[in-house]
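Student: Build me a structure from this.
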Amino acid sequence: TLLINEGEGGKSLKPYPPSTQRSSTLASSFRGAGGRTAGSKALSVATGSGDPASNTLETSFGAPPAAEEFVVPAWSGSVNFRCMPGAVAFGTLEVRKLYRYPLQLLNSGVGYSKFRLKQPKSSCLSVVYTPQPVAAGMSVTLEVEISCTSVGDILDEMVILSEGEQFSVAVQASVVDSDEYQDLVNATGAQPEGEGVQLVDSVPVGCTLKASRQMTGRK
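Tutor: Here you go, the predicted structure:
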């Protein structure tokens, strides 16, 4: 990570101190997740917390670095399939709550096509779908579910594989405790979840994502 310092002698680049620098390799790779994109919108993602009260990452230069951007393309995909939107931005979520986000997977080819899905690596995430051939011009719903029992930031991806092709769909979320979540609601007067995110239910302490899905009647 580099800091641009504009002085009388022009611009110079200075690295942040190693103790305060935070890797953004995965987040940066998500800017183009899924290959081709058509239109996008940017969401601000907090870079960390050096001071819990301010929720900013302090540096020795006296100012926090600029927030990273998690870019949500309108769609991502390959020749046979397109996923809309092209990434999942859950936003800020409350710990021990089950949330769901629906995606549409469109067959953009000229005939029936099959697909399969590689699940995200995080144990907090799961994608619910029915494997099936999809006719040209038709779409199926993929439901991304998240339920975390601890706070933290999540940057992950799921991979959609079709006949000879594959592409990734990025997933972002920031999970906070109940007090911090309520403070955000009180400060903004709005829910801090991303657009299209559905709150399904509360998850008891020690309950897994699989168990919470069974509690809500999902298979």
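Student: show me the contacts for residue 154.
Tutor: 90, 122, 124-125, 146, 148, 171-175 (C-beta atoms under 8 Å, 6 or more residues apart in numbering). In this view, the C-beta of every residue, glycine as well, is placed from N, C-alpha and C.
Student: hmm, try it at 10 Å
Tutor: Residue 154 is in contact with 90, 93, 120, 122, 124-125, 146, 148, 171-175, counting by C-beta atoms under 10 Å, 6 or more residues apart in numbering.
Student: strand partners of the helix or strand containing it, parallel vs antiparallel please.
Tutor: Using DSSP states H and E, the element containing residue 154 is strand 152-162. Strand 152-162 sits in its sheet next to strand 115-118 (antiparallel), strand 165-176 (antiparallel), going by DSSP bridges.
Student: want to throw these into a markdown table with mean pLDDT, distance to residue 188 and mean neighbour count?
Tutor: Below are the strands paired with strand 152-162 laid out as a markdown table (pLDDT from 0 to 100; distance: least, C-beta to C-beta, whole Å; neighbours: other C-beta atoms under 10 Å):
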| stretch | mean pLDDT | distance to residue 188 | mean neighbour count |
| --- | --- | --- | --- |
| strand 115-118 | 94 | 34 | 15 |
| strand 165-176 | 94 | 13 | 22 |
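Student: and the longest helix anywhere in the chain with strand 165-176, angle?
Tutor: Counting by DSSP state H, the longest helix found in the chain is helix 178-188. Helix 178-188 runs at 90 degrees relative to strand 165-176, counting by axes from the mean of the first three to the mean of the last three C-alpha atoms, to 10 degrees.
Student: Report all helices and strands that helix 178-188 contacts.
Tutor: strand 87-94, strand 165-176 (3 or more C-beta pairs under 10 Å, 6 or more residues apart in numbering; DSSP states H and E).
Student: rewinding a little: list the buried residues of the strand holding residue 154.
Tutor: Of the residues in strand 152-162, those buried by neighbour count under the rule 16 or more other C-beta atoms under 10 Å are 153-158, 160, 162.
Student: buried residues in the longest helix of the chain?
Tutor: Residues 180-181, 184 are the ones in helix 178-188 that count as buried (16+ other C-beta under 10 Å).
Student: count of residues packed around residue 130?
Tutor: Neighbours of residue 130 under the rule other C-beta atoms under 10 Å: 8.
Student: what kind of secondary structure is it in?
Tutor: coil (DSSP: H, G, I helix; E, B strand; the rest coil).
Student: Which pLDDT value goes with it?
Tutor: For residue 130, the pLDDT comes out at 90.
Student: How many neighbouring residues does residue 149 have?
Tutor: If you count neighbours by other C-beta under 10 Å, residue 149 ends up with 16.
Student: separation between the closest residue to it other than its chain neighbours and residue 129?
Tutor: Using C-beta to C-beta, 6 or more residues apart in numbering and skipping the chain neighbours, the partner closest in space to residue 149 is residue 96 (6.0 Å). Per C-beta to C-beta, to the nearest Å, residue 96 is found 25 Å from residue 129.
Student: contacting residues around residue 160?
Tutor: Residues in contact with residue 160 (C-beta under 10 Å, 6+ apart) are 34, 76-78, 80-83, 103, 105, 115-118, 127, 129, 142, 166-169.
Student: for residue 124, same thing?
Tutor: 93, 145-150, 152, 154, 156, 171, 173, 175, 208-209.
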